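[1] got a predicted structure here, sequence first:
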There are 2 protein chains.
Amino acid sequence: MKKGGVPAGEQGRDKMKKILVLMELNAAQRKKLEAAGAGAELSFSRPDRVSEEEIQAANVIIGLPRAEMIKASENLELLQLESAGTDAYIVPGMLNEKTILTNATGAYSQAVAEHAFALTLMLQKKLHLYRDEQRAAHWRDRGMVSSLRGSVVAVVGLGDIGSYYARLVKNMGAYVIGVKRRPSACPEYVDELMLTEQLDAVLPRADVIMSVLPNTAATRYIYTVGSFRLMKDSAIFINCGRGNAVSASTLYEVLSQGLIAAAGIDVSETEPLPEDSPLWGLENLVITPHVSGSHHLPETVDRIVDICAGNLCSFLRGEKLINLVDFSTGYRK
Amino acid sequence: MKKGGVPAGEQGRDKMKKILVLMELNAAQRKKLEAAGAGAELSFSRPDRVSEEEIQAANVIIGLPRAEMIKASENLELLQLESAGTDAYIVPGMLNEKTILTNATGAYSQAVAEHAFALTLMLQKKLHLYRDEQRAAHWRDRGMVSSLRGSVVAVVGLGDIGSYYARLVKNMGAYVIGVKRRPSACPEYVDELMLTEQLDAVLPRADVIMSVLPNTAATRYIYTVGSFRLMKDSAIFINCGRGNAVSASTLYEVLSQGLIAAAGIDVSETEPLPEDSPLWGLENLVITPHVSGSHHLPETVDRIVDICAGNLCSFLRGEKLINLVDFSTGYRK
């Protein structure tokens, strides 16, 4: 690599940034990162294969290194995560003070929102009950269903995922109430905007409550038995955010008592959900094992790579990065 | 009832049309029919309670009378069905030649299309497999999923239901190929229009095939094992039309061999599906018991009543009716 006519010698090499990529990529995705890292020293490995020396030498790491290997490395200038979650890396002392942390918020919106949307429709049309009947070879009518058309849907947490989901249900003819932390202008895919502190006023109005809250002190156990008592007994509750927004015991209590009609969760207070949890056996609860936000949709990895390549390029040019993580919340600033 | 100043005597009464309503209705729906039938003699009953004398005396029947009670009644001028299906009534000799037959096509579009849409998403997101895992208390990742965004969806049968479904998948970002019997202009919610005779050219291109064909000689067993061989091995097949579009043995063969990824059916060749059918046990098949088109969505009955009230009103005024049934096909002319 030449810069300003100076030949790239050993000295030039020393100044080349060491970029360590720990993601599984296809050829096109790898090529995209290589193009973004032109002029730097790129190496590719995997979290379970990379050595601590390689981690310690890296100026930029892209992916999800084992947090305990980082040891506040002084060489690490940028850690670009491939996840939206940052829990393991914002622990005090885990990263050196000068290390910039960025995540892949936004890349998972389509996958998670579509999963939450599919759960919503499955519960509205009682397809979980028909699956159970099928296993018993029962041709049995399970009665009334509901529709998103004309329903009131509360989207609690109006980030990228919540906004994507809001668009999907709005397209089906729902009336959408967006619930968010801070006041803002009402987006065109939301009919009404409310603040998180007004949640208790929203819950009684909603036919569907889709929660996609991050894990913060303010959102921990935000849904109590009292919250569910405020909901319609016909309400459907979906949680595709973090499991500790509602405790397993609360969920069991309200669903076994039929305080609401049904719930669908992709996250649980403890993950994996323990084998002896009584939640598994609830007919009116659908459980998926935290799969909505993984790499199961090919488009997700493409978007992660776009974010990583963009930030790598900006970093090498000394330009502004996107998806900077706020260490006090663990989420995008 | 007075007409042109003539007092309504016994003679006037004799000329009043006898309208027999055999539907279960709420107060608002009943009121709507009473308003439409003003000037006629309305009575309300149920198919399982009405006497053969009442059936024989009626000039108009609204609902689903037992076909064998009609005996080609000479009094019956209009039979307005509350269903879209007409199979029992178009048998030669069942209705008098002068009886007009109308159905409730259109009323079920939202309910059936949404059910088919929910089945599509359930299969794409593998929620049927997660339901199975849940019953075994397994927190187990089932791998890759797909999305309607960017998928090619073939909608085979582009009537009211197919068109409604086409709009829903188009809103999700799908490329929609509509397949219909007769050439027409391409509606805005369809990307490409093909004829039923071109079906074999459409099947290899589709990620999702949603079939909602009526029961006619031309559609009986239209999907053969060969048809499924033409499909992608990742294809999802949905049938919410009539069960005999594909035989149970064909469905079993292609799904147990994994010729396509998965299927969802609300109809089967024999209904109820026999308890010993091997179809019940297929992991990659979701079965619902012909419930998509029943009265499980409150909006459906409202729309049926709108059609019945409109036709009753038109009939009494001697105006043109809608949803006239073509006896050669059993469907709307």
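    Done, it's in. Residues are numbered from 1 along each chain as shown, chains lettered A, B, ... in the order given.
[2] OK, contacts around the closest residue to chain B within the stretch 201-333 of chain A?
    Closest residue of the stretch 201-333 of chain A to chain B, Cβ to the nearest Cβ: A:P272 (3.6 Å). C-beta coordinates here come from the backbone N, C-alpha and C atoms, glycine included. By Cβ atoms under 8 Å, 6 or more residues apart in numbering or on different chains, the contact set of A:P272 is A:P289, B:W139.
[3] check it and give its pLDDT.
    pLDDT for A:P272: 98.
[4] how about it, secondary structure?
    Per DSSP: H, G, I helix; E, B strand; the rest coil, the local secondary structure of A:P272 is coil.
[5] residue ranges with poor pLDDT in the stretch 51-200 of chain A?
    Judged against pLDDT under 70, the stretch 51-200 of chain A has no low-scoring part.
[6] which residues in it form strands?
    According to DSSP state E, counting those that start in this stretch, the stretch 51-200 of chain A carries its strands in the segments A:60-62, A:78-80, A:100-102, A:152-156, A:175-180, A:192-195.
[7] how many other residues sit next to A:R140?
    15 (other Cβ atoms under 10 Å in any protein chain shown).
[8] enumerate every residue touching the closest residue to it other than its chain neighbours.
    Spatial nearest neighbour of A:R140, excluding adjacent residues (Cβ to Cβ, 6 or more residues apart in numbering or on different chains): A:E133 at 5.0 Å. By Cβ under 8 Å, 6+ apart, A:E133 lies in contact with A:W139, A:R140, A:R142, B:P289.
[9] only the buried subset of those, as a PyMOL command please.
    Taking 16 or more other Cβ atoms under 10 Å in any protein chain shown as the burial criterion, the selection of buried members of those in PyMOL is written as:
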select buried, (chain A and resi 139+142) or (chain B and resi 289)
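[10] where's A:V325, which helix or strand?
    Using DSSP states H and E, A:V325 sits within strand A:325-326.
[11] mind checking pLDDT for A:K15?
    For A:K15, pLDDT reads 78.
[12] roughly how far does it sit from A:N59?
    Counting by Cβ to Cβ, to the nearest Å, the separation of A:K15 from A:N59 is 10 Å.
[13] so these two - more neighbours on which side?
    Ranked by neighbour count (other Cβ under 10 Å), A:K15 and A:N59 place A:N59 first, with 19 against 9.
[14] hmm, A:E74 and that one touching each other?
    No - using Cβ atoms under 8 Å, A:N59 makes no contact with A:E74, being 10.3 Å away.
[15] about what we covered before: quick one: closest of the strands of the stretch 51-200 of chain A to A:S234.
    strand A:152-156 (11.3 Å; Cβ to Cβ).
[16] what residues does the lengthiest helix in chain A touch?
    What stands out as the longest helix in chain A, according to DSSP state H, is helix A:298-317. Where contact means Cβ under 8 Å, 6+ apart, the residues beyond helix A:298-317 that reach it are A:17, A:19, A:23, A:25-26, A:29, A:32-33, A:35-37, A:39-40, A:60, A:62, A:77-78, A:80, A:82, A:100, A:102, A:104, A:106-108, A:110-111, A:294-295, A:319-323, B:144, B:147, B:149-150.
[17] list the buried residues in it.
    A:299-301, A:303-316.
[18] spell out which parts of the stretch 1-150 of chain A neighbour chain B.
    Contact residues, the stretch 1-150 of chain A versus chain B (Cβ under 8 Å from any Cβ of the partner chain): A:110-111, A:114-115, A:117-119, A:121-122, A:124-125, A:127-128, A:130-135, A:137, A:139-150.
[19] of the residues you listed, grab the buried ones for ChimeraX.
    Of the residues of the stretch 1-150 of chain A next to chain B, the buried ones go into a single ChimeraX selection, burial set by 16+ other Cβ under 10 Å:
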select /A:110,111,114,115,117,118,119,121,122,124,125,127,128,130,131,132,133,134,137,139,142,145,146,147,148
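[20] good, wrapping up.
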